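[1] Build me a model from this:
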Amino acid sequence: MEFLASIEASPLAEWIRLSPSLWAYPGILTFHTLGLAILVGANAVVDLRLLGVGKGLPLSKLDSFFPAMWLGFAINAISGVLLFISDATNKATQPIFYVKLGLIAVALVIAGVMRRMIGEATSDPAALSPRARTLATVSLVLWAAAITAGRFMAYLNNEPPEVI
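    Down below sits the predicted model:
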(Lines give C-alpha, C1' and ligand atoms only; values in the text may rest on other atoms or scores of the structure.)
Protein backbone atom coordinates (compact mmCIF):
# COMPACT_ATOMS: atom_id res chain seq x y z
CA MET A 1 0.00 0.00 0.00
CA GLU A 2 2.94 2.29 0.71
CA PHE A 3 4.17 1.81 -2.86
CA LEU A 4 0.74 2.65 -4.25
CA ALA A 5 0.52 5.75 -2.06
CA SER A 6 3.91 6.92 -3.36
CA ILE A 7 2.76 6.45 -6.96
CA GLU A 8 -0.43 8.38 -6.22
CA ALA A 9 1.60 11.17 -4.59
CA SER A 10 3.91 11.56 -7.59
CA PRO A 11 3.88 14.88 -9.44
CA LEU A 12 2.40 13.21 -12.55
CA ALA A 13 -0.44 11.59 -10.59
CA GLU A 14 -1.20 14.83 -8.78
CA TRP A 15 -1.24 16.73 -12.07
CA ILE A 16 -3.64 14.19 -13.59
CA ARG A 17 -5.92 14.31 -10.55
CA LEU A 18 -5.81 18.02 -9.68
CA SER A 19 -5.01 19.99 -12.82
CA PRO A 20 -7.83 22.04 -14.35
CA SER A 21 -6.28 21.34 -17.77
CA LEU A 22 -8.37 19.40 -20.26
CA TRP A 23 -5.17 17.47 -21.04
CA ALA A 24 -5.16 16.05 -17.51
CA TYR A 25 -7.86 13.66 -16.27
CA PRO A 26 -10.56 14.63 -18.83
CA GLY A 27 -8.17 14.33 -21.77
CA ILE A 28 -6.68 11.05 -20.61
CA LEU A 29 -10.16 9.64 -20.03
CA THR A 30 -11.13 10.75 -23.55
CA PHE A 31 -8.10 8.94 -25.01
CA HIS A 32 -9.05 5.88 -22.96
CA THR A 33 -12.53 5.98 -24.48
CA LEU A 34 -11.15 6.43 -28.02
CA GLY A 35 -8.73 3.55 -27.54
CA LEU A 36 -11.59 1.41 -26.30
CA ALA A 37 -13.69 2.31 -29.34
CA ILE A 38 -10.86 1.35 -31.69
CA LEU A 39 -10.03 -1.88 -29.87
CA VAL A 40 -13.53 -3.14 -29.24
CA GLY A 41 -14.93 -1.76 -32.51
CA ALA A 42 -12.35 -3.58 -34.64
CA ASN A 43 -12.77 -6.69 -32.52
CA ALA A 44 -16.56 -6.55 -32.93
CA VAL A 45 -16.22 -6.39 -36.74
CA VAL A 46 -14.12 -9.56 -36.68
CA ASP A 47 -16.44 -11.29 -34.20
CA LEU A 48 -19.59 -10.40 -36.12
CA ARG A 49 -18.06 -11.54 -39.43
CA LEU A 50 -17.18 -14.89 -37.84
CA LEU A 51 -20.78 -15.10 -36.67
CA GLY A 52 -21.98 -14.71 -40.26
CA VAL A 53 -22.69 -10.99 -40.49
CA GLY A 54 -21.30 -9.34 -43.64
CA LYS A 55 -20.57 -12.51 -45.58
CA GLY A 56 -19.49 -10.33 -48.50
CA LEU A 57 -16.38 -9.36 -46.52
CA PRO A 58 -13.72 -11.94 -47.33
CA LEU A 59 -12.07 -13.56 -44.32
CA SER A 60 -8.67 -12.51 -45.69
CA LYS A 61 -9.64 -8.85 -45.13
CA LEU A 62 -10.21 -9.46 -41.41
CA ASP A 63 -6.47 -9.65 -40.84
CA SER A 64 -6.26 -5.90 -41.46
CA PHE A 65 -8.39 -5.23 -38.36
CA PHE A 66 -5.83 -6.70 -35.94
CA PRO A 67 -3.29 -3.82 -36.18
CA ALA A 68 -6.15 -1.44 -35.30
CA MET A 69 -7.00 -3.62 -32.31
CA TRP A 70 -3.38 -3.44 -31.10
CA LEU A 71 -3.32 0.33 -31.63
CA GLY A 72 -6.48 0.66 -29.54
CA PHE A 73 -4.99 -1.62 -26.91
CA ALA A 74 -1.78 0.45 -26.78
CA ILE A 75 -3.78 3.66 -26.33
CA ASN A 76 -5.83 2.00 -23.58
CA ALA A 77 -2.81 0.54 -21.83
CA ILE A 78 -1.04 3.91 -21.67
CA SER A 79 -4.11 5.92 -20.73
CA GLY A 80 -5.23 3.20 -18.29
CA VAL A 81 -1.91 3.31 -16.43
CA LEU A 82 -2.17 7.10 -16.21
CA LEU A 83 -5.72 6.89 -14.87
CA PHE A 84 -4.66 4.18 -12.42
CA ILE A 85 -1.77 6.15 -10.93
CA SER A 86 -4.05 9.10 -10.26
CA ASP A 87 -6.06 6.95 -7.82
CA ALA A 88 -3.82 3.92 -7.23
CA THR A 89 -4.66 3.30 -3.58
CA ASN A 90 -8.37 3.11 -4.35
CA LYS A 91 -8.27 1.28 -7.71
CA ALA A 92 -5.79 -1.37 -6.53
CA THR A 93 -8.12 -2.39 -3.74
CA GLN A 94 -11.24 -2.68 -5.89
CA PRO A 95 -12.00 -6.30 -6.83
CA ILE A 96 -13.85 -5.04 -9.93
CA PHE A 97 -10.53 -3.62 -11.21
CA TYR A 98 -9.02 -7.11 -11.23
CA VAL A 99 -12.17 -8.54 -12.82
CA LYS A 100 -11.81 -5.94 -15.60
CA LEU A 101 -8.13 -6.79 -16.16
CA GLY A 102 -8.92 -10.51 -16.21
CA LEU A 103 -11.71 -10.09 -18.74
CA ILE A 104 -9.42 -8.03 -20.98
CA ALA A 105 -6.62 -10.61 -20.74
CA VAL A 106 -8.93 -13.47 -21.73
CA ALA A 107 -10.47 -11.41 -24.55
CA LEU A 108 -6.99 -10.63 -25.94
CA VAL A 109 -6.00 -14.31 -25.84
CA ILE A 110 -9.19 -15.18 -27.71
CA ALA A 111 -8.41 -12.48 -30.31
CA GLY A 112 -5.03 -14.11 -30.89
CA VAL A 113 -6.59 -17.55 -31.28
CA MET A 114 -9.20 -16.17 -33.68
CA ARG A 115 -6.50 -14.48 -35.78
CA ARG A 116 -4.78 -17.83 -36.19
CA MET A 117 -8.09 -19.53 -37.06
CA ILE A 118 -8.88 -16.85 -39.64
CA GLY A 119 -5.45 -17.32 -41.21
CA GLU A 120 -6.08 -21.04 -41.52
CA ALA A 121 -9.54 -20.55 -43.04
CA THR A 122 -8.96 -17.71 -45.53
CA SER A 123 -8.90 -20.04 -48.53
CA ASP A 124 -11.99 -21.96 -47.43
CA PRO A 125 -14.59 -19.98 -45.45
CA ALA A 126 -16.46 -23.21 -44.77
CA ALA A 127 -13.40 -24.37 -42.82
CA LEU A 128 -14.28 -22.06 -39.95
CA SER A 129 -15.22 -24.38 -37.19
CA PRO A 130 -18.10 -23.99 -34.77
CA ARG A 131 -15.30 -23.24 -32.29
CA ALA A 132 -14.59 -19.97 -34.15
CA ARG A 133 -18.23 -18.93 -33.82
CA THR A 134 -18.21 -19.86 -30.13
CA LEU A 135 -15.04 -17.85 -29.56
CA ALA A 136 -16.54 -14.87 -31.41
CA THR A 137 -19.60 -14.98 -29.16
CA VAL A 138 -17.49 -15.31 -26.03
CA SER A 139 -15.30 -12.43 -27.24
CA LEU A 140 -18.29 -10.10 -27.63
CA VAL A 141 -19.52 -11.04 -24.15
CA LEU A 142 -16.07 -10.55 -22.61
CA TRP A 143 -15.62 -7.08 -24.11
CA ALA A 144 -19.11 -6.04 -22.99
CA ALA A 145 -18.33 -7.34 -19.50
CA ALA A 146 -14.94 -5.56 -19.42
CA ILE A 147 -16.55 -2.27 -20.42
CA THR A 148 -19.23 -2.76 -17.77
CA ALA A 149 -16.62 -3.55 -15.13
CA GLY A 150 -14.70 -0.42 -16.11
CA ARG A 151 -17.80 1.70 -15.69
CA PHE A 152 -18.58 0.07 -12.34
CA MET A 153 -15.15 1.14 -11.08
CA ALA A 154 -16.39 4.72 -11.03
CA TYR A 155 -19.27 3.81 -8.75
CA LEU A 156 -18.02 0.96 -6.61
CA ASN A 157 -15.51 1.73 -3.90
CA ASN A 158 -14.33 0.01 -0.79
CA GLU A 159 -16.16 2.25 1.62
CA PRO A 160 -19.58 1.19 2.83
CA PRO A 161 -22.39 3.47 1.66
CA GLU A 162 -23.34 6.23 4.04
CA VAL A 163 -26.45 5.38 6.01
CA ILE A 164 -28.87 8.24 6.33
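[2] where in this protein is pLDDT low?
    122-127, 158-164 (pLDDT under 70).
[3] ranges for the strands of it?
    Taking DSSP state E to define them, one finds no strands in the chain.
[4] Helices of that one, start to end?
    Taking DSSP state H, the helices of the chain run over residues 2-8, 11-18, 25-50, 59-62, 65-85, 88-91, 95-121, 130-153.
[5] any chance of those in TSV, plus mean neighbour count?
    Every C-beta, even on glycine, is put in place using the N, C-alpha and C of the backbone. What follows is these, written out as TSV (neighbours: other Cβ atoms under 10 Å):
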stretch	mean neighbour count
helix 2-8	13
helix 11-18	14
helix 25-50	18
helix 59-62	18
helix 65-85	17
helix 88-91	18
helix 95-121	16
helix 130-153	17
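[6] Run through who's touching stretch 85-95.
    Here stretch 85-95 makes contact (Cβ atoms under 8 Å, 6 or more residues apart in numbering) with 1, 4-5, 7-8, 10, 12-13, 16-17, 25, 84, 97, 153, 156-158.
[7] Endpoint to endpoint, it covers what distance?
    Start and end residues of stretch 85-95 are separated by 17 Å (Cα to Cα, to the nearest Å).
[8] Burial check on Trp23, number of neighbours?
    Using other Cβ atoms under 10 Å, Trp23 is surrounded by 12 other residues.
[9] Now do the contacts for it.
    Neighbours of Trp23 in contact, by Cβ under 8 Å, 6+ apart: none.
[10] Please shift the residue numbers so they start at 32 in all later answers.
    Noted, 32 is the first residue going forward, which turns the last one into Trp54.
[11] Relative to Ser91, how far out is the nearest residue to Gly111 once chain neighbours are set aside?
    Residue nearest to Gly111 in three dimensions, not counting chain neighbours: His63, with 6.2 Å by Cβ to Cβ, 6 or more residues apart in numbering. In this structure, His63 and Ser91 are 32 Å apart, going by Cβ to Cβ, to the nearest Å.
[12] now Ile106
    Distance from Ile106 to Ser91, by Cβ to Cβ: 26 Å.
[13] on that earlier part again, residues touching the residue nearest to Gly111, list them.
    Ile106, Asn107, Ser110, Gly111, Leu114.
[14] Same check on Met148?
    By Cβ under 8 Å, 6+ apart, the neighbours of Met148 are Leu159, Ser160, Arg162, Ala163, Leu166.
[15] All set, thanks.
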